[in-house]
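J.: here are the coordinates; sequence isn't available:
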C-alpha cells in the first residue's frame with residue numbers, strides 16, 4: 001500500500017516535533033523526526049481482519065496506520081471504506097463495521113441511542129485520532145494569492161457574494177487584480193463531517209445563519225461526492241471554489257486561500273494548523289473525547305490557521321466480542337503511537353501530546 005506524499009513535509013515534521021516533543025517517551029525519535037512513542041506493549045491478537053468505514057478526510061492517514069499495524073502485528077489487516085462520515089456513522093450503528101470514522105462526533109439523541117444499542121446497551125466513544133486542516137481551495141486564472149475572512153467566506157458560500165471582484169473580496173486583497181468572473185461554488189453532495197465542520201466554523205467566526213450539519217446548507221453551487229470529487233471539480237473549472245481537506249487540495253494543485261481572523265492573513269501550513277490545535281479543548285466526559293472546536297474557530301490568535309477538523313474513530317466502550325475488542329485496541333494503539341510517525345508524509349498534523357495521552361487511556365479501557 002503506497003502512502004501518498006504531499007508538499008510541506010518539512011513543515012509538518014517541524015509541527016510534529018513541536019506538538020510531540022514533550023511526550024517524555026524513553027524511545028528514540030521515530031521516522032520523520034517525531035518523538036511519538038513506539039507501540040511497545042501492544043497486545044496483538046484476536047480478529048485478524050478488521051473492517052471500518054467513514055470519513056474520506058482520513059483515508060491517507062488510515063493507509064499509514066494500516067502499514068504500522070501490519071508491521072507491529074504480522075498477519076493482520078484493516079479494510080477501510082472512505083464512504084463519508086455519514087455512512088460511517090450509519091454503518092457502525094448498524095453493526096456492519098467494527099468502528100466508524102467521522103469528522104464530527106455522534107449527535108446526542110438518535111445517533112448516540114443507535115450507537116448504544118449497537119454496543120449492547122453500552123455507550124459509544126468518540127476518539128479523535130486524525131487532525132487535518134481544511135483548505136479553502138480555488139482556481140481563478142491570474143489569482144495565485146487570495147485572502148479571505150470568515151464573514152466573506154460565509155457570504156460566498158451562501159451566494160451573497162457572487163463575483164470574484166466583489167468589493168468584500170477586494171477589500172481583503174489590496175491592489176490584487178480580481179476578475180469580473182462569476183464564483184462557482186462546489187460543495188459536498190454526500191453527508192460529510194467536513195461540511196459539518198466548515199459550516200460550524202462559518203457560524204462561529206463568520207455569522208453564518210444557514211445552519212450546520214453533514215449536509216451543505218448554503219443553497220448555492222454544485223454538489224460533488226466525496227473529497228476527491230469536489231477537489232477534482234474545482235481543478236477543472238476556472239472561477240471555482242470549495243472547502244476540502246488540505247491533502248486533496250494539494251493533490252489537485254488547487255490554490256489555497258489565506259485566512260484573516262483579525263490578526264493578519266495566515267497561510268495554511270503545518271505550523272499554523274499546529275498552533276490552532278494547541279488551543280483545542282475537550283468537552284466530552286470521561287473517555288468520550290469530544291472536542292470543543294468553537295475556541296479554535298473563533299480564535300484571533302496571530303499565526304493560527306483556524307479552519308481544521310478532527311476525525312473521530314467511533315468505537316464501542318463495551319459490547320464487542322473478545323476477538324474484535326482485542327484487535328480494535330491493538331489497531332488504535334498502533335495508530336496513536338508508531339502510526340503517527342507517517343502522518344507527516346500523508347498531509348496531516350500528528351497528535352498533540354495531551355490528546356495522545358487521553359486517547360491511549362481510552363483505548364486501553366475498551367472492552
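T.: Nice, I can see it. This structure is a prediction, so every number in the text was calculated from the model and none was measured.
J.: Distance check, the closest residue to residue 206 other than its chain neighbours against residue 221.
T.: Among residues not flanking residue 206 along the chain, residue 150 sits closest, at 3.1 Å (CB to CB, 6 or more residues apart in numbering). C-beta here means a position set from N, CA and C on the backbone, and glycine is covered the same way. Per CB to CB, to the nearest Å, residue 150 is found 18 Å from residue 221.
J.: What ranges in the protein fall below the confidence cut-off?
T.: 1-41, 344 (pLDDT under 70).
J.: now the strands for it?
T.: Ranges of strands within the chain are 49-54, 77-81, 99-102, 124-139, 147-148, 184-188, 222-224, 240-245, 255-256, 258-260, 265-266, 281-282, 291-292, 308-316, based on DSSP state E.
J.: Now mean neighbour count and distance to residue 335 too, for those strands, in CSV please.
T.: Output for the strands of the chain, formatted as CSV (neighbours: other CB atoms under 10 Å; distance: least, CB to CB, whole Å):
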stretch, mean neighbour count, distance to residue 335
strand 49-54, 22, 11
strand 77-81, 17, 9
strand 99-102, 30, 11
strand 124-139, 26, 6
strand 147-148, 22, 34
strand 184-188, 25, 25
strand 222-224, 17, 29
strand 240-245, 29, 18
strand 255-256, 18, 27
strand 258-260, 20, 29
strand 265-266, 20, 29
strand 281-282, 12, 19
strand 291-292, 17, 17
strand 308-316, 28, 8
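J.: Ok, which of the ones you listed comes nearest residue 302?
T.: The closest of the strands of the chain to residue 302 is strand 265-266. By CB to CB, the value is 8.0 Å.
J.: Neighbouring strands of that closest one in the sheet, and parallel or not?
T.: strand 258-260 (antiparallel) (DSSP bridges).
J.: So what touches the partner strand?
T.: For strand 258-260, the external contacting residues (CB atoms under 8 Å, 6 or more residues apart in numbering) are 136, 145-150, 172, 265-268, 305-307.
J.: Nearest to residue 88 among the residues you listed?
T.: residue 307 (21.6 Å).
J.: is it true that the closest one touches residue 134?
T.: Yes - counting by CB atoms under 8 Å, residue 307 does reach residue 134; the two are 4.8 Å apart.
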